[in-house]
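Visitor: Here you go, sequence then predicted model.
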Amino acid sequence: MAKPLDEQTDEELETALAQGQLDERKAATAKEILSRRWQSKSEKIKGSYGWLGHVAAAVALAIVAIRRLLRRT
């Protein structure tokens, strides 16, 4: 008996979708599973590296402020 869709790896699901091994309903379910997994991975990456965006914004604002101060003098 085959493993349930939610227990299959991403590669197994992608292969089954590419080869057309799943009926329409199971294919939609597999796509949704993959989508949620990718979204979860994306959220983890954003959580890990999200601070980098804040740092870049702070540096950019500091540069703008310094330029304005230098133009006034």
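Guide: On my side now, so go ahead.
Visitor: In this structure, what residue spans correspond to helices?
Guide: Along the chain, the segments classed as helices by DSSP state H run 10-18, 24-72.
Visitor: now the last one and helix 10-18, what's the angle there?
Guide: With axes from the mean of the first three to the mean of the last three CA atoms, to 10 degrees as the basis, helix 24-72 and helix 10-18 are set at 120 degrees to each other.
Visitor: Report the helix or strand with the lowest average pLDDT across the chain.
Guide: Counting by mean pLDDT, DSSP states H and E, the chain has its least confident helix or strand at helix 24-72, which shows a mean of 83.
Visitor: follow-up on the earlier one: just say which of the helices of the chain is most tucked in.
Guide: Per-stretch averages of neighbours, counted by mean count of other CB atoms under 10 Å, single out helix 10-18 among the helices of the chain, with a mean of 14. Every residue, glycine included, has its C-beta placed from N, CA and C.
Visitor: Quick check, pLDDT for residue 73.
Guide: Per-residue confidence at residue 73 stands at 62 (pLDDT).
Visitor: Just the C-alphas of stretch 32-41, formatted as PDB.
Guide: This file holds the C-alpha atoms of stretch 32-41, laid out as PDB (Å, rounded to 0.1, in the frame of the first residue of the first chain):
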ATOM      1  CA  GLU A  32      -1.700  22.100  -1.600                       C
ATOM      2  CA  ILE A  33       0.600  20.100   0.600                       C
ATOM      3  CA  LEU A  34       3.700  21.300  -1.400                       C
ATOM      4  CA  SER A  35       2.400  24.800  -1.300                       C
ATOM      5  CA  ARG A  36       2.000  24.800   2.500                       C
ATOM      6  CA  ARG A  37       5.400  23.100   3.000                       C
ATOM      7  CA  TRP A  38       7.100  25.800   0.800                       C
ATOM      8  CA  GLN A  39       5.200  28.500   2.700                       C
ATOM      9  CA  SER A  40       6.400  27.100   6.000                       C
ATOM     10  CA  LYS A  41      10.000  26.900   4.900                       C
END
